[in-house]
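**Q** Could you work out the structure for the sequence below:
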Amino acid sequence: MLRPLWFVLTAFTFISSQAVAQGLDLSLSNDSAQARFSSLAGNPTGMGNSEMDIGALYTSGRGDAKDGLLGMLGLMVVGNAGSGAPELDVGVGVKLFAATIDNDNVAALAVGGRLRFHPKALNRLSFTAEAHYAPDIVTFVDAQRFIYATARVEYEILPQALAYIGYRNVWADLTSGPNVDLDNGGHIGLQLIF
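**A** Here you go, the predicted structure:
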């Protein structure tokens with residue numbers, strides 16, 4: 001159960017000290033808690049930014065659900081979609097996941113993307129969706145496929161603080177049995193930028 005946490009703490013040392021902005025994101029539900037730390041570094045070409053993030057998700061199973069601990073390390077290139085859509089930010093990248101779900105272990109290298117829409121007409125409101133998928137070829141140990149997906153509605157309390165409500169689905173196709181939802185449901189959260 002401690003291996004994913006060790007993975008996250010070790011990966012933390014690789015985050016660049018040259019970051020332009022850093023953020024801490026905490027989301028909670030009755031059955032799960034997730035913390036993510038992100039570091040955004042600017043690109044001198046003006047073509048976009050690089051974002052590295054690390055995080056951990058803990059879920060407490062109830063009934064037929066399983067307890068789990070998930071560590072993640074990701075790298076994404078983010079930027080504005082272009083002059084035709086100035087209110088839309090896009091990101092693409094890869095993310096490494098390591099999880100312990102009851103007695104099963106999962107490792108996956110997933111590709112994914114993120115869309116963030118912040119219309120000026122709605123002032124402080126924005127909408128974000130992110131998804132990562134790992135097919136069988138890059139999913140290891142006790143799983144064959146892995147999906148991490150989330151969507152949320154954000155409200156800017158301050159320029160450096162966002163509150164949000166969201167939905168998250170973390171799913172693995174285990175080799176030893178049926179598919180399992182590590183997390184599947186709503187949550188509330190807070191993102192701080194410093």
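
**Q** alpha carbons only for contacts and neighbour counts from here, please
**A** Will do.

**Q** and the host helix or strand of Arg145, average pLDDT?
**A** Secondary-structure element containing Arg145, defined by DSSP states H and E: strand 143-158. The pLDDT scores in strand 143-158 average 97.

**Q** what's around Leu182, how many residues?
**A** Counted by other CA atoms under 10 Å, the residues lying close to Leu182 total 26.

**Q** Please tell me how far it sits from Met76.
**A** Computed with CA to CA, to the nearest Å, the distance linking Leu182 and Met76 is 23 Å.

**Q** Also Val138?
**A** From Val138 across to Met76, the span is 18 Å (CA to CA).

**Q** Kindly report the same for Ala131.
**A** Distance check for Ala131 against Met76: by CA to CA, it reads 12 Å.

**Q** Could you tell me which residues touch both of the two?
**A** Where contact means CA atoms under 8 Å, 6 or more residues apart in numbering, the residues bridging Ala131 and Met76 through contact with each are Gly113.

**Q** Outside of the strand or helix carrying Leu190 itself, list whatever touches it.
**A** Using DSSP H and E, the secondary-structure element containing Leu190 is strand 179-193. Residues lying outside strand 179-193 but in contact with it, judged by CA under 8 Å, 6+ apart, are 21-29, 32, 59, 65-68, 101, 160-174.

**Q** Mark which of the residues you listed are buried, thanks.
**A** Neighbour-count burial (16 or more other CA atoms under 10 Å) applied to the contacts of strand 179-193 gives 22-29, 32, 59, 65-68, 101, 161-174.

**Q** Out of those residues, name the ones that lie in strands.
**A** Within the buried ones among the contacts of strand 179-193, membership in strands is found for 22-28, 32, 59, 68, 101, 161-174, as judged by DSSP state E.

**Q** Of all the residues in stretch 136-155, which ones are buried?
**A** Along stretch 136-155, the positions that meet the burial threshold by neighbour count (16+ other CA under 10 Å) are 138-140, 142-155.

**Q** Tabulate the CA atom coordinates of it in PDB.
**A** Output for stretch 136-155, consisting of C-alpha atoms alone and laid out as PDB, is shown next (Å, rounded to 0.1, in the frame of the first residue of the first chain):
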ATOM      1  CA  ASP A 136      -2.800  -3.200 -22.700                       C
ATOM      2  CA  ILE A 137       0.700  -2.600 -24.300                       C
ATOM      3  CA  VAL A 138       1.600   0.000 -21.700                       C
ATOM      4  CA  THR A 139      -0.300  -1.300 -18.700                       C
ATOM      5  CA  PHE A 140       1.600  -3.600 -16.400                       C
ATOM      6  CA  VAL A 141       1.600  -6.000 -13.400                       C
ATOM      7  CA  ASP A 142      -2.000  -7.000 -12.500                       C
ATOM      8  CA  ALA A 143      -3.900  -4.900 -15.100                       C
ATOM      9  CA  GLN A 144      -4.500  -4.800 -18.900                       C
ATOM     10  CA  ARG A 145      -6.000  -1.300 -19.400                       C
ATOM     11  CA  PHE A 146      -6.300   1.900 -17.300                       C
ATOM     12  CA  ILE A 147      -8.400   5.100 -17.500                       C
ATOM     13  CA  TYR A 148      -8.200   8.300 -15.500                       C
ATOM     14  CA  ALA A 149     -10.800  10.900 -16.300                       C
ATOM     15  CA  THR A 150     -12.200  14.000 -14.600                       C
ATOM     16  CA  ALA A 151     -14.400  16.900 -15.300                       C
ATOM     17  CA  ARG A 152     -15.100  20.000 -13.200                       C
ATOM     18  CA  VAL A 153     -16.700  23.400 -13.000                       C
ATOM     19  CA  GLU A 154     -14.400  26.000 -11.400                       C
ATOM     20  CA  TYR A 155     -15.000  29.400  -9.800                       C
END
